[in-house]
Each structure stands twice: as structure tokens, then as C-alpha cells.
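[1] let's see this in three dimensions:
(one chain, ligands or ions: 2)
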Amino acid sequence: MIKFEGASVTYQTDAGPHPALSGIDLDIPGGEPCVVIGPTGCGKTTLLFLLAGLVSSSAGSVQIDGDQALRGRRETSLILQQHGLFPWKNALANVTLGLTIRGIPRGERNEQAGELMRELGIWDIRDSYPPQLSGGQKQRVAIARSLVTEPDLLLMDEPFSALDAMTRETLQNLLLRIWKERNFTFLMVSHGIEEAVFLGRRIVVLSERPGHILTVLDNPGMGAESFRLSDEFHRQCIQVRRALEDR
Ligand SMILES: Nc1ncnc2c1ncn2[C@@H]1O[C@H](COP(=O)(O)OP(=O)(O)O)[C@@H](O)[C@H]1O
Ligand SMILES: [Mg+2]
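    Residues are numbered from 1 along each chain as shown. Ligands and ions are numbered 1, 2, ... in the order given. All right, here's what the predicted structure looks like:
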């Protein structure tokens, strides 16, 4: 579904060209979760923005379902690190925003949002505003908002990194469950080794900037909440750690 071919990004800055990503070759089949991990500043966000069409490649190409990745693809949703909710809209209005923009009538909007919000445990707080919510609740609202338009591709930029460890695991479990039910493709940027191994069917390890792919780890054991307790999980974490240390 996703195909990077020799994709590079160089930002033009006042100080001159600033290479952020170099020669990315990557294929992600439809329905597969992929986690990208790498050191700070290596170009992870740039890679997501390439897929979202928010930056363009200076060399090579990025395709989604055979088309060049462009801004405004309706079936792509993006979740940023800082949730990006509107503080002046309540949780329900934040979740239904994408449907409102598409002109879906209120009854239908609320029905679709209600189903997801119940599943994510945020239906009871639908009338609350983002400043009244905990970090975990805000990210649940952000997830609901991204999924309510039924994307086939979900892009996430370190969505759980600001949360405490327990909340983070709860949300990882929730995301896994929803992915299994709805079967969209997702690409998550993370700097957590355990998060990468828990959620990534494939784990892409990037080098220091300009980021290039050091290795792509296959992780066939992912998919059950109990995976965290297995020996295989720990072996995979060690593999990812080694790949990162080798850089
Ligand atoms: N719009 C931009 N203009 C110039 N440089 C940028 C821009 N966005 C990111 N960079 C730089 O490109 C590099 C990669 O950034 P980024 O993709 O945000 O890395 P990461 O998400 O892995 O921390 C960094 O050195 C960053 O400072
Ligand atoms: Mg980033």
C-alpha cells in the first residue's frame, strides 16, 4: 500500500541545505502496523509528513496505493504528539469535526462518534472540554477523532510519549484492539523500544540524521496483549536496542 523509493528530504534553511532523510526505500502492505524508531532529530516526523503530503521529497518518490502521497488524501488521518484538539470545542465536537466538515448530519455524526467513544471509554466525558481532560483522555479523543472518518491509513507521531507509563500501556492495548477490529494500515513514530515491539508488525530503525534505514525488523509475534510477557518480546526488544546502538 505504501511505497517509498529512494525518498530523500532536504530542508532549505537560512544556514543552507539541511538534509533530514536520505534514500528511504520501504514497502508497507495494507493492514499492517509499522513502527519507525530512531534517535531524536533523525527525520521521523519528516517521514510521516512525507506520507501526509505536508513535506515533499527532494529526491525519490512516496506512493500510497499507487498514487503520489499528497496533502488532503481523505483516507489518511494524522495524530500529532500534542493531540491538536480545539480547546473551545467539547470532546464530542472535537471527535465529530471531520464528519461535520464533510457535511454529515448531526444524528449520523453522533451515532458514529458514539460507537467509537464508547469503545475508547470517553463517551461519559463527551461534554467536557480538552483543558478539563487528563493527558490520556485527550489522546483517546484524538484517536477517536482520527478514526471516525474511517481512514485506511493512520499516521501517528509519538502519540503516547507525553503519558505516564501505565496510561501509555493502556492506550497501546486500546490501539491494538481497535486496529484488529478495523484493520487499517498504521505507521507510528516512536522513541520507545517496547512500544515499537508491542505495536509494530515491522519495526523500521533509522540512523542519525540524515535518517536512512539501518534495518527493518520482522516482528511476527505481535498482536496479543500478552505478548509483553513473552520471551520473544524481550528478545525482540534486545534486537531493536542493538540495532539502535550499532548506528
Ligand atoms: N521545516 C523545517 N525546516 C528546516 N529544518 C527542519 C524542518 N523540520 C525539521 N527540520 C530539521 O530536520 C531534522 C529532522 O527533523 P524531524 O523530522 O522533526 O526529526 P525527528 O522527528 O526524528 O526528531 C532536524 O534536524 C530538524 O531540526
Ligand atoms: Mg519528531
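[2] give the contact list for residue 160.
    Under the criterion of Cβ atoms under 8 Å, 6 or more residues apart in numbering, the neighbours of residue 160 are 139, 167-168, 171-172, 192, 195. In short, each C-beta sits where N, CA and C put it, glycine included.
[3] any idea how far residue 24 is from it?
    24 Å (Cβ to Cβ, to the nearest Å).
[4] and if you look at residue 145?
    In terms of Cβ to Cβ, residue 145 sits 28 Å off from residue 24.
[5] can you give me phi and psi for the residue sitting nearest the centre point of the chain?
    Geometric centre of the chain, nearest residue: residue 156, 1.9 Å, by Cα atoms, centre = their mean. Phi and psi for residue 156, reported as degrees, to the nearest 10, are phi -130, psi 130.
[6] measure it to residue 16 for me?
    Distance from residue 156 to residue 16, by Cβ to Cβ: 32 Å.
[7] quick revisit: tell me what the residue nearest to the centre of the chain is bridged to.
    Residue 156 has these beta-bridge partners by DSSP bridges: residue 79, residue 188.
[8] just the pLDDT for the residue in the chain positioned nearest to ligand 2.
    Here the chain gets closest to ligand 2 at one residue, residue 45, 3.3 Å apart by Cβ to the ion. Residue-level confidence at residue 45 comes out at 95, pLDDT.
[9] wait, it touches residue 190, no?
    No: using Cβ atoms under 8 Å, residue 45 is not in contact with residue 190, being 11.7 Å away.
[10] looking at those two now, which is surrounded by more residues?
    The residue with more neighbours, out of residue 45 and residue 190, is residue 190; 25 against 18, by other Cβ atoms under 10 Å.
[11] report pLDDT for that one.
    pLDDT, residue 190: 94.
[12] begin at 13 from here
    From this message on, residue numbering opens at 13, which makes the last subject residue 202.
[13] phi first, then psi, for it.
    phi -150, psi 160.
[14] now the one 3 residues further on
    Reported as degrees, to the nearest 10, the phi and psi values for residue 205 are phi -60, psi -40.
[15] quick one: low-confidence parts of this structure?
    259 (pLDDT under 70).
[16] flag every residue of it that's near ligand 1.
    By Cβ under 6 Å from any ligand atom, the residues of the chain that approach ligand 1 are 23, 25, 30, 32, 52-58, 221.
[17] 8 Å instead?
    Counting by Cβ under 8 Å from any ligand atom, the residues of the chain close to ligand 1 are 21, 23-25, 30, 32-33, 50-59, 61, 67, 169-170, 201, 218, 221-223.
[18] strands of the protein, start to end?
    14-25, 28-40, 45-49, 71-76, 79-80, 88-91, 165-169, 197-202, 214-218, 225-230 (DSSP state E).
[19] in CSV, list those along with distance to ligand 2.
    Converted to CSV, the strands of the chain look like this (distance: least, Cβ to the ion, whole Å):
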stretch, distance to ligand 2
strand 14-25, 13
strand 28-40, 10
strand 45-49, 10
strand 71-76, 17
strand 79-80, 23
strand 88-91, 13
strand 165-169, 6
strand 197-202, 6
strand 214-218, 11
strand 225-230, 17
